[in-house]
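> Requesting a structural model of the entry that follows:
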Amino acid sequence: MDDKRLVEELVTTFLLNTCRLHPRLTLPAVQAAVAVSCAQVAGKLQPSDDHEVALIPLITGSVAEFYIEPMIPHVGDVDLMFYCNYWLAIPAGQTPPSQLPADFHDNMDVFDIVDSHLPGYVYLELHYLLTECADDGKYTAVECDTQEYLVNLAISDKIATHGSALLAVFVNSGQLPQDFVHCVRCLAWPPQAADWPTRHRNYDWPDSATVDRVVSNGCDLVGVAHRQCRQHEWMGKYQWRFSFSRAEIVLLNSWMPVQQIVYHMLRVFMKAERLTDSNDVPASGKLSNYHIKTLMLWASELEPRSWWTDDLNLVRICVKLLHSLAVWLSEARCPHYFIINCNLINNTPNMAEIISSRLMSINKSWLSLWFVNNYIRRCSQLCPGNVSRLFDDNITITKLQTAVSAIIEYRQNIALGDMWRVFLEAHRAITGVVSTVSLTVRSLDWWLNHLPGINTSLLVYFHSFTYLHIACRASRSCLTDELMDVLAKLVGLQFTGPQRSNPRTNAFCLSKAVKLMKLSSCIELSKAYLYRAVSCEDTDSDSIYCLAHVYLAALYYSTGQYQTSIDHCTVVTGHKITHSVVHVSWKVKFYRK
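This next block holds a predicted model:
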């Protein structure tokens, strides 16, 4: 085997053995979870009619897309998308949905997606007002008779400012920067990308199950105007761009490890050679990571599995892909992966000609040496001196083999220690979020749903520290309404019926109290909800008022506080009851059972 071929194989061996696969507990994953929690608190908008108006998060970008962990950092920032829970976009001509996920508000503005003259860019025209029926949870629609378009101004500026401020309270200088993007949710797959689910695929990627999952997730609209329209007085203000981030997360996670590693290699190379702009937005006038992602998506669909795996040579694959990108640039075409008639390369001949020429001149020998000098050498500097010294300026093939083996061995030996350090950082982050930023029901729900995917032990720690935090807060002052709701959710209380019901009504508080009575450890919390029920502003129902006091009397009696129990009975007997005493008595008998 000649030296050139040997160097190519060493690069392949190095990357395959130093890129950890599926490490769920990583520092970027922990920092993304912290960023979401802080941003949810900062992004909670003023309530309307006592119903919460909020921004719902989605972690996107490298944190969500990669399942490998290379030695060279592959995550530059934490990308978060937020959609307002009172806005919804639907394809023009479609009727609005009658049912929506629980995150959405009970009063919705629904916008038609109206095409602009540029593929992939649209306007959002207000068409319907939706109102949820309290009886069955279904929405009724009323058409709007005014022509209004949604401005693409980023409400997320508030999150970016206050969310970062909250993070600064307890994070160190190693915290990844956060990129907040405001969007409007579309639950349907858009007709602008109607060709994608049904087009013929020779090699069954993505498979039918993945296609179905992608389509079921719909898409989003982000408030970005096309670069040619940003200075236009009207289009620059009202133009929106399709975002398929949800689809890309699913597709990239369905890649083989070799495809994820190649994507990482291309990103590192293009960035180091300054061939991509730092702004990861397509059609920005320069190449971006989105062009590399699009290149990889097309290659994953158009090339057979054997193209990636037979005679596996990562350098060879990278060279062929870079040449394909060069052809795209020379022809001034980069077809959007989902919207075929959308070209991601602008007519910038000078830029295209220069970059295309550079990419086309790359061969396997040159690129393999580039990765030795610019990638493996950087990795050696992360190792102890006895390993890094193996990689000197006059390295030979034999020395390179020895250095590669030593770095791989070091990388494998420190895996457990790296996980332990991240675990300690996660403990510190959870402590900071809970004690400094505090929790809301919505942010708690996010932690409970996502922590098991990072590490199950962290979920145990999160539960324990949150209980201690609530106990500490309660010892200094009474439980707030928010903390009561957090505690109720923390103990696993599940509620039935419409989830957007007003949490401040006496009936709803009574319902929570009754469910908590069945848990012997939640008597005090049940009492707190009963007291909230009798103090709600809408406490004009004698039956609920009396029933709450009857329950309080029973709870105090069960704990031996007889005088307090008698006091609550006295409140009931002294109250002017307008409802049947039999009804109340039946409730008492039901509780005793």
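> Tell me how far the helix or strand where Gln260 lies lies from the chain's centre.
Assigned by DSSP states H and E, Gln260 falls within helix 257-272. Centroid displacement of helix 257-272 relative to its chain, using CA atoms, centre = their mean, to the nearest Å, is 23 Å.
> So what angle separates the directions of the next helix or strand after that helix and helix 257-272?
Toward the C-terminus, helix 257-272 is succeeded by helix 289-302 as the next helix or strand (DSSP H and E). Per axes from the mean of the first three to the mean of the last three CA atoms, to 10 degrees, the angle that helix 289-302 makes with helix 257-272 is 150 degrees.
> Please point out which parts of the next helix-or-strand element following helix 289-302 sit buried.
With elements assigned by DSSP H and E, the helix or strand that comes after helix 289-302 is helix 305-309. Within helix 305-309, the residues that count as buried by 16 or more other CB atoms under 10 Å are Trp308. (Each C-beta comes from the backbone N, C-alpha and C, glycine too.)
> Please name every helix or strand in contact with helix 305-309.
helix 257-272 (3 or more CB pairs under 8 Å, 6 or more residues apart in numbering; DSSP states H and E).
> Please point out which parts of the longest helix seen in the chain sit buried.
When the chain is scanned for its longest helix (criterion: DSSP state H), the result is helix 456-476. In terms of neighbour count (16+ other CB under 10 Å), helix 456-476 has its buried residues at 458-459, 461-462, 465-466, 469-470, 474.
> Ok, stretch 321-338 next?
So stretch 321-338, judged by 16+ other CB under 10 Å, has buried residues 321-323, 325-326, 328-330, 334, 336-338.
> What of stretch 523-538?
525-534, 536.
> ok now that stretch, how far from the chain's centre?
The mean C-alpha position of stretch 523-538 is separated from the chain mean by 35 Å, CA atoms, centre = their mean.
> what comes into contact with it?
For stretch 523-538, contacts defined as CB atoms under 8 Å, 6 or more residues apart in numbering pick out 479, 481, 484, 487-488, 491, 504-507, 509-510, 512-514, 516-517, 539, 544-545, 548-549, 551-552, 555-556, 558-559.
> same question for that stretch, mean pLDDT?
Averaged across stretch 523-538, pLDDT comes to 77.
> Tell me how far the residue lying closest to Tyr562 once chain neighbours are set aside lies from Lys364.
Nearest non-adjacent residue to Tyr562, counting by CB to CB, 6 or more residues apart in numbering: Tyr556, 7.6 Å away. The spacing between Tyr556 and Lys364, counted by CB to CB, to the nearest Å, is 81 Å.
> and if you look at Met71?
Counting by CB to CB, the gap from Met71 to Lys364 is 22 Å.
> neighbour-wise, which of these two wins?
Met71 (21 against 18; other CB atoms under 10 Å).
> tell me the contacts of the more buried one?
By CB under 8 Å, 6+ apart, the residues touching Met71 are 18-19, 379, 382, 407, 411.
> mind running it again at 10 Å?
Contact analysis of Met71 by CB atoms under 10 Å, 6 or more residues apart in numbering lists 14-15, 18-20, 375-376, 378-380, 382-383, 407-408, 410-411.
> Please confirm that Ala141 is located within a strand.
Yes - the assignment for Ala141 (DSSP: H, G, I helix; E, B strand; the rest coil) places it in a strand.
> Quick check: Asn386 vs Ser216, distance?
Taking CB to CB, one finds Asn386 at 53 Å from Ser216.
> quick one, which of the two is more surrounded?
Comparing Asn386 with Ser216 by other CB under 10 Å, the one with more neighbours is Ser216, at 12 against 9.
> Helices along the stretch 301-450 of the chain, start to end?
Remark: helices assigned in the stretch 301-450 of the chain by DSSP state H, counting those that start in this stretch are 305-309, 314-330, 349-360, 364-371, 377-380, 385-388, 397-413, 415-432, 441-454.
> Report all helices and strands that the fifth one contacts.
Applying 3 or more CB pairs under 10 Å, 6 or more residues apart in numbering; DSSP states H and E, one finds that helix 377-380 contacts helix 3-18, helix 385-388, helix 397-413.
> These: which one's closest to His427?
helix 397-413 (23.7 Å; CB to CB).
> Report how many residues lie close to Arg241.
22.
> For beta bridges, what are the partners of it?
Beta bridges link Arg241 to Tyr121, Val222 when assigned by DSSP bridges.
> can you pull the contacts of it?
Residues in contact with Arg241 (CB under 10 Å, 6+ apart) are 116, 118, 120-122, 152, 183, 220-226, 281-283, 342.
> Show me the strands in the stretch 451-593 of the chain, by range?
In the stretch 451-593 of the chain, no strands are found when defined by DSSP state E, counting those that start in this stretch.
> So Asp195 is in contact with Pro335, correct?
No - the pair Asp195 / Pro335 is not scored as a contact, 11.1 Å apart, by CB atoms under 10 Å.
> got any ranges where the stretch 351-500 of the chain has weak pLDDT?
Where the stretch 351-500 of the chain drops to pLDDT under 70, the residues are 351, 394, 493-500.
> and if we set it to 90?
Scanning the stretch 351-500 of the chain for pLDDT under 90 picks out the ranges 351-355, 389-396, 429-457, 467-500.
> hang on, the earlier thing: can you list contacts of the longest helix of the chain?
Under CB under 10 Å, 6+ apart, the answer for helix 456-476 is 24-25, 30, 33, 423, 426-427, 429-431, 433-435, 438-439, 444, 447-448, 450-453, 455, 479-480, 483-484, 486-487, 490-491, 524-525, 528.
> measure the closest residue to Val434 other than its chain neighbours to Asp109 for me?
In this structure, Val434 finds its nearest non-sequential neighbour in His469, 4.9 Å apart by CB to CB, 6+ apart. Note on His469: its distance to Asp109, by CB to CB, is 37 Å.
> Also Glu65?
Going from Glu65 to Asp109 by CB to CB gives 31 Å.
> One more: Trp196?
Distance of Trp196 to Asp109, given as CB to CB: 28 Å.
> Ok, Ile261 next?
44 Å.
> cool, Thr402 as well?
For Thr402, the distance to Asp109 equals 65 Å [CB to CB].
> Which one's more surrounded, the two?
Relative neighbour count places Asp109 above the other of Thr402 and Asp109, with 20 against 15, counting by other CB under 10 Å.
> That one - that's part of a strand, no?
Yes - membership of Asp109 in a strand is supported by three-state DSSP.
> list the contacts for it?
By CB under 10 Å, 6+ apart, the contact list for Asp109 reads 84, 86-89, 124, 126-130, 144, 148, 150, 184.
> Weed out the non-buried ones from those.
Going by neighbour count (16+ other CB under 10 Å), the contacts of Asp109 have 84, 86-89, 124, 126-130, 150, 184 buried.
> of all those residues, which two lie farthest apart?
Cys84 and His127 (16.6 Å).
> in this protein, which helix or strand is least confident?
Ranked by mean pLDDT, DSSP states H and E, the weakest helix or strand in the chain is helix 581-592, scoring a mean of 42.
> domains for this structure, by residue range?
3-126+152-412, 504-593 (automatic domain parsing).
> Can I get those domains in TSV including distance to Thr140?
Below are the domains of the chain laid out as TSV (distance: least, CB to CB, whole Å):
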stretch	distance to Thr140
domain 3-126+152-412	8
domain 504-593	21
